[in-house]
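K.L.:
Using only what follows, build the 3D model:
(one chain, ligands or ions: 2)
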Amino acid sequence: MVHQREVKLANGTGIPAIGLGTWQAEPGELTEVIQEAWAAGYHHIDAAHYYQNEREIGTALRMTEVPRDQIWLTSKVWNTDHRPERVGPACDQTLSDLQVEYLDLYLMHWPIAFVPGDDLLPRDNKGEIKVDDVDYKDTWRAMEKLVDEGKVRYIGVSNFTIKQLEDLLKVARIKPVVNQVECNVYLPQYELVEYCQKHGIAVTAYRPLAGRVKVGDEKPSSGHKALREDPVLTKIAQRINRTPAQVAIAWLLKRGIIAIPKSSNPQRLRENLIDFDLTDEDAAEISKIGVRQRDCNPANMWSPSLDYLTKSDEGTK
Ligand SMILES: NC(=O)C1=CN([C@@H]2O[C@H](COP(=O)(O)OP(=O)(O)OC[C@H]3O[C@@H](n4cnc5c(N)ncnc54)[C@H](OP(=O)(O)O)[C@@H]3O)[C@@H](O)[C@H]2O)C=CC1
Ligand SMILES: O=C1CO[C@H](CO)[C@@H](O)[C@@H]1O
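P.N.:
Residues are numbered from 1 along each chain as shown. Ligands and ions are numbered 1, 2, ... in the order given. Just a heads-up that it's a prediction; the model follows:
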């Protein structure tokens, strides 16, 4: 079995430093992807109720006969399940879909509640997302109960800013072990990462490759630059005989950050499970790249009024 490098959580538990992202894996392809990932040496899967593919993941894990204690399973409670009485049932649904008895890590997906219901993105007739008046600290208290009940080993958050973490840490009986945020060479999140690491909160980088931004002869989406075509990453990659994607992931690992790249392609899956370290000089050169862009911005995705969710941390620092 390939033993992957780990990032230590505050209590000393190791979490595999590279996990498999599962958002937007096409229906039907995950069975093969998970078989390939397990064979390649992945021991960490990032899932979420929101991705609507947890049942497929669970079935694939069972078919691949992955021993439960050999795989780190993260899932997330979605914004429509923030009311405290909905958190337990939401977790139960994920456990049933993934066909496991417990999760290694359960995250609050966003620090914002949407009105409950089957519609994961409920909108009013103007197209604005329907926000529910639930304090994320109350949602957190319900998540703490899941640890007490043995349904999840650890709890954490996602898309939290420094201000929101400060607010949560004041009341948390069980501290969040992870903050999963958008983070890559073009959104380095220096201040947020420093704050988290100082407070014993590990950072997981989602969209470590800047997502579905097209490369090659297709234009990057929404005017964004294609990270995988970045000239500095390309130059370093060519010199060390790696790919720009590998260099981008290695840069996160060098900063002690967990990365969860998504790929449905067997070759890229293996490529992303990197087995080398960047030199200090190469890492420093990458840190000087000045491009800044954020893909997952609630103001663009859901409602302009949710702009405040990223206000205290623009990712530009
Ligand atoms: N907490 C949150 O709010 C969020 C969490 N996430 C999590 O983070 C994961 C990763 O983020 P995601 O948005 O998927 O973006 P990524 O940065 O992981 O990029 C995925 C895209 O890059 C391509 N790709 C993967 N590896 C390579 C490679 N080596 N070379 C070239 N192209 C490559 C994939 O295509 P192909 O499959 O064809 O290889 C896919 O189109 C998600 O899947 C999800 O689990 C994501 C967004 C928000
Ligand atoms: O996990 C996620 C996948 O991407 C979505 C759209 O960008 C996000 O809203 C969500 O947090």
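
K.L.:
Could you list the residues of the stretch 1-150 of the chain in contact with ligand 1?
P.N.:
Selection of the stretch 1-150 of the chain residues close to ligand 1 by Cβ under 6 Å from any ligand atom yields Gly21, Thr22, Trp23, Asp46, His109. Where you see a C-beta, it was placed from the backbone N, CA and C, and this is true even at glycine.

K.L.:
center of the protein, which residue is that?
P.N.:
Centroid check for the chain by Cα atoms, centre = their mean gives Tyr206 as the closest residue, at 3.9 Å.

K.L.:
For it, which residues count as its bridge partners?
P.N.:
Glu182 (DSSP bridges).

K.L.:
what about it, distance to ligand 1?
P.N.:
Distance of Tyr206 to ligand 1, computed by Cβ to the nearest ligand atom, to the nearest Å: 3 Å.

K.L.:
what's near enough to touch that residue?
P.N.:
Gly21, Asp46, Ser158, Gln180, Val181, Glu182, Cys183, Ile260, Cys296 (Cβ atoms under 8 Å, 6 or more residues apart in numbering).

K.L.:
So which of those residues is the closest to ligand 1?
P.N.:
Gly21 (2.5 Å; Cβ to the nearest ligand atom).

K.L.:
Without its sequence neighbours, what residue ends up closest to that closest one?
P.N.:
Once flanking residues are discounted, Gly21 sits nearest to Lys262: 3.1 Å by Cβ to Cβ, 6 or more residues apart in numbering.

K.L.:
and the one you found, what are its phi and psi?
P.N.:
phi -100, psi 130 (degrees, to the nearest 10).

K.L.:
Pull the contacting residues for it.
P.N.:
Counting by Cβ under 8 Å, 6+ apart, Lys262 has contacts Leu20, Gly21, Thr22, Trp23, Gln24, Ala25.

K.L.:
residue boundaries of the helices in the chain?
P.N.:
30-40, 54-63, 84-98, 136-148, 162-171, 190-198, 231-240, 244-254, 266-272, 280-287, 298-301, 308-311 (DSSP state H).

K.L.:
nearest residue to the closest residue to ligand 2 within the stretch 101-250 of the chain other than its sequence neighbours?
P.N.:
Residue nearest to ligand 2 within the stretch 101-250 of the chain: His109 (5.7 Å; Cβ to the nearest ligand atom). Once flanking residues are discounted, His109 sits nearest to Lys76: 3.9 Å by Cβ to Cβ, 6+ apart.

K.L.:
how many neighbours does the one you found have?
P.N.:
Close neighbours of Lys76, defined as other Cβ atoms under 10 Å, add up to 26.

K.L.:
same check, this time on the one 3 residues further on
P.N.:
Here the neighbour count serves as a burial measure; for Asn79 (other Cβ under 10 Å) it reads 27.

K.L.:
I'd assumed Phe114 was in contact with it.
P.N.:
Yes - counting by Cβ atoms under 8 Å, Asn79 touches Phe114, with 4.2 Å between them.

K.L.:
Find residues that contact each of those two.
P.N.:
In contact with both Asn79 and Phe114: Leu120, using Cβ under 8 Å, 6+ apart.

K.L.:
Local confidence estimate at the residue nearest to the centre of the chain?
P.N.:
Tyr206 carries a pLDDT value of 97.

K.L.:
how close does it sit to Asp104?
P.N.:
17 Å (Cβ to Cβ, to the nearest Å).

K.L.:
Phi and psi next, for the most far-flung residue of the chain relative to its centre.
P.N.:
Computed with Cα atoms, centre = their mean, the maximum C-alpha offset from the centroid of the chain is found at Asn125, amounting to 31.0 Å. Dihedral pair for Asn125: phi -70, psi -10, per degrees, to the nearest 10.

K.L.:
Equivalent analysis for His224, please.
P.N.:
The phi/psi pair for His224 (degrees, to the nearest 10) is phi -80, psi 150.

K.L.:
contacting residues around it?
P.N.:
Tyr186, Ala210, Val213, Gln293, Asp295.

K.L.:
check contacts around the fourth one.
P.N.:
Going back to what we said before, that points to Gln293. Gln293 sits in contact with Tyr186, Leu187, Ala210, His224, Lys225, where contact means Cβ under 8 Å, 6+ apart.

K.L.:
Quick check, the last one in contact with Tyr186.
P.N.:
Yes - using Cβ under 8 Å, Lys225 is in contact with Tyr186, at 6.9 Å.

K.L.:
Comparing the two, which residue is more hemmed in?
P.N.:
Higher neighbour count among Lys225 and Tyr186: Tyr186, with 23 against 14, using other Cβ under 10 Å.

K.L.:
State the distance from that one to Gly211.
P.N.:
11 Å.

K.L.:
same deal with Arg86?
P.N.:
Distance from Arg86 to Gly211, by Cβ to Cβ: 29 Å.
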